[in-house]
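>>> Show me the folded form of this:
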Amino acid sequence: MTTAMTTPARGNYYAERDYLKTDVKRGVTRNRAGTRILTLTSDFLIGLRNALVFECGKAADAVMKTAGRKWGTNFAARTDKELGAFYGRPVAEFPLALFEASMVMAFSHHGFGKLKLDVSMYDKGLLVAIVENPIYFGLVENPAGPSDALLAGIFAGIFSHFAGRELDCAQTQCQACGLPDSRFVISLKSRLGGVEAWLKDGKSHAEILAALAQTKGTE
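Residues are numbered from 1 along each chain as shown. You can find the predicted model right below:
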């Protein structure tokens, strides 16, 4: 992404009146590129998570994260194609502000939560995603720890696509645990290996981020 501010040739791709169109007779909703949109109910999401926990036990989060990564990769590829066609240039050439605004709007319109990207530690190879009302917030009661492995996988898939290299994502703060929002750190997988242990030790997001800033990853 470039950091220079330029005015996009066109308006907001996610403009409310133009982004989604519903054909009531056919029972189909499509976005402005013609892609069909599927809506999942809260009951479905709760049932999916409960079924995975029942069938997979402790491996449920790993399954959810793998599924999220696959979905995030496909979502990023489709979004890359659609936004590139709309603005007339590859997403990789977007100014950083336009890329961030596009991701924020995409998350909001697809029901993933209110997203904010913190790039203050980008020079250290760390990107932080802050999400209010993420997918499973309000659906999981009293979780013992981070509860949104699906969204962590989605972030890993999305940013691996746009970065052009394999990245991973770890959730470091959980809104469902009583905190103001959920937070995720995106970086090289080799740098995020200690996050789970730090969380078990009771370290906060800020403490984990400070520790990660001192680590070095391997390709």
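
>>> roughly how far apart are Gly153 and Asn74?
Gly153 sits at a distance of 12 Å from Asn74 (criterion: C-beta to C-beta, to the nearest Å). C-beta coordinates here come from the backbone N, C-alpha and C atoms, glycine included.

>>> show me the contacts for the residue nearest the centre of the chain.
For the chain, the residue nearest the mean C-alpha position is Phe155 (3.5 Å; C-alpha atoms, centre = their mean). By C-beta atoms under 8 Å, 6 or more residues apart in numbering, the contact set of Phe155 is Gly68, Gly72, Ala129, Cys169, Phe184, Ile186.

>>> and Arg78, how many neighbours does it have?
Arg78 has 13 neighbouring residues, counting by other C-beta atoms under 10 Å.

>>> thinking it is in contact with Thr35, fair?
Yes. Using C-beta atoms under 8 Å, Arg78 is in contact with Thr35, at 6.5 Å.

>>> Now do the shared contacts for these two.
The contact lists of Arg78 and Thr35 share no entry, where a contact means C-beta under 8 Å, 6+ apart.

>>> Look up phi and psi at the residue of the chain most remote from its centre.
Residue farthest from the centre of the chain, counting by C-alpha atoms, centre = their mean, is Lys25 at 32.8 Å. Per-residue torsions, Lys25: phi -60, psi -40 (degrees, to the nearest 10).

>>> same deal with the one 5 residues further on?
Taking degrees, to the nearest 10, you get phi -130, psi 150 for the backbone angles of Arg30.

>>> got it, and Ala51?
Ala51 has phi and psi values of phi -70, psi -40 when expressed as degrees, to the nearest 10.

>>> again with Gly202
Torsion angles, degrees, to the nearest 10, at Gly202: phi 90, psi 10.

>>> quick one on the thing from earlier: pull out the buried members of the contacts of Phe155.
Buried members of these, counted by 16 or more other C-beta atoms under 10 Å: Gly68, Gly72, Ala129, Cys169, Phe184, Ile186.

>>> if you skip the residues just before and after it, what's nearest to Arg36?
Arg30 (5.5 Å; C-beta to C-beta, 6 or more residues apart in numbering).

>>> pretty sure that neighbour contacts Asp18?
No. Arg30 is beyond contact range of Asp18, at 11.7 Å (criterion: C-beta under 8 Å).

>>> more crowded one of these two?
For the pair Arg30 and Asp18, the greater number of neighbours falls to Arg30 (15 against 12), based on other C-beta under 10 Å.

>>> mind checking how far the more buried one is from Thr41?
In terms of C-beta to C-beta, Arg30 sits 20 Å off from Thr41.

>>> now Leu20
Leu20 sits 17 Å away from Thr41, going by C-beta to C-beta.

>>> Looking at these two, which has the bigger crowd around it?
Leu20 (13 against 8).

>>> neighbours of Leu151, just the number please.
Leu151: 27 neighbours (other C-beta under 10 Å).

>>> What residues of the helix or strand containing it count as buried?
In this structure, Leu151 sits in helix 149-163 according to DSSP states H and E. For helix 149-163, burial by neighbour count (16+ other C-beta under 10 Å) applies to 149-162.

>>> contacts for the lowest-mean-pLDDT helix or strand in the chain?
Within the chain, no helix or strand scores below helix 16-19, which has a mean of 80 by mean pLDDT, DSSP states H and E. With C-beta under 8 Å, 6+ apart as the test, helix 16-19 has contacts from Tyr13, Asn31, Arg32, His109.
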